[in-house]
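[1] Here is the input, now give the coordinates:
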Amino acid sequence: MGIAGTVTKNKLQQSLKVNFVLEKLSELGVTKSQQGVPINELSYEEMKIELVLASFREIDIQKDENRWF
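    Below you'll find the model as predicted:
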């Protein structure tokens with residue numbers, strides 16, 4: 001595989017990662033970031049942060065096993 005094949009493979013991998021995070025955010029009902037920016041306009045790193053924040057909001061802290069203190 002030449003350089004062009006490697007570049008194409010890297011772009012494909014990045015695209016798959018972005019689509020995965022977008023899908024997970026969509027499943028959690030997130031359409032905008034905390035700053036009000038539509039999620040499809042965010043960078044991959046910003047999307048990951050929003051996914052972490054959204055997953056924290058899904059934790060039921062009323063359950064004893066989910067309490068921190």
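
[2] Which of the helices or strands spans the closest residue to Tyr44 other than its chain neighbours?
    The shortest distance from Tyr44 to any non-neighbouring residue, by Cβ to Cβ, 6 or more residues apart in numbering, is to Val18 (5.4 Å). Bear in mind the C-beta positions are built from the backbone N, C-alpha and C, glycine included. Counting by DSSP states H and E, the element that carries Val18 is helix 3-27.

[3] Which strands or helices does that helix pack on?
    Applying 3 or more Cβ pairs under 8 Å, 6 or more residues apart in numbering; DSSP states H and E, we find helix 3-27 packed against helix 44-57.

[4] residues in contact with the helix it packs on?
    Residues outside helix 44-57 that contact it (Cβ atoms under 8 Å, 6 or more residues apart in numbering): 14, 17-18, 21-22, 24-25, 28, 30, 33-34, 37, 39, 42.

[5] now that we have the residues you listed, which one has the most neighbours?
    Using other Cβ atoms under 10 Å as the neighbour test, these are led by Leu25, with 22 neighbours.
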